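Q: Need coordinates for the below:
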Amino acid sequence: MEAAIGVLVSQFKAFAGRDGSSETLSQEEFQSLVTSQLPTFVKIPGDPAVIDQLMDSLDENNDGELTFLEFWQLIGRLANQHGGFSQ
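A: Okay, the predicted model is just below:
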């Protein structure tokens with residue numbers, strides 16, 4: 001599990017750092033991450049409307065960017081669905 005967490009953190013920072021800040025994901029960075037890293041877990045990852053809706057559901061402070069903790073919610077949801085756990 002430690003290796004999996006390391007991969008999640010490094011991937012987040014790699015995508016977040018594209019605009020200079022590795023602390024948050026912009027909408028463009030988020031779409032790029034989802035499209036390339038989660039293409040089968042997120043329905044229609046290339047659709048901007050899907051990305052907008054997904055980002056809005058995760059962006060708790062409504063600043064238009066995702067912190068790692070906000071992004072982590074998506075990972076938890078996807079893992080929950082993938083594992084067949086009840087909500």
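Q: Who are the packing partners of the helix or strand where Ala16 lies?
A: Per DSSP states H and E, Ala16 falls inside helix 2-16. The helices and strands touching helix 2-16, judged by 3 or more Cβ pairs under 8 Å, 6 or more residues apart in numbering; DSSP states H and E, are strand 24-25, helix 27-37, helix 68-83. For the C-beta atoms, the positions are set from N, CA and C on the backbone; glycine is no exception.
Q: what comes into contact with stretch 18-37?
A: 11-16, 42, 45-46, 48, 51-52, 54-55, 64-68, 71 (Cβ atoms under 8 Å, 6 or more residues apart in numbering).
Q: for stretch 1-11, that is, sorry about that
A: Contacts of stretch 1-11 with the rest of the structure, by Cβ under 8 Å, 6+ apart, involve Leu33, Gln37, Phe68, Trp72, Ile75.
Q: Using CSV, write down the CA coordinates of it.
A: C-alpha atoms of stretch 1-11 as CSV (Å, rounded to 0.1, in the frame of the first residue of the first chain):
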residue,chain,number,x,y,z
MET,A,1,0.0,0.0,0.0
GLU,A,2,2.9,2.3,0.7
ALA,A,3,4.0,2.0,-2.9
ALA,A,4,0.5,2.8,-4.2
ILE,A,5,0.3,5.9,-2.0
GLY,A,6,3.7,7.0,-3.3
VAL,A,7,2.5,6.6,-6.9
LEU,A,8,-0.7,8.6,-6.2
VAL,A,9,1.3,11.5,-4.6
SER,A,10,3.9,11.6,-7.3
GLN,A,11,1.4,11.5,-10.1
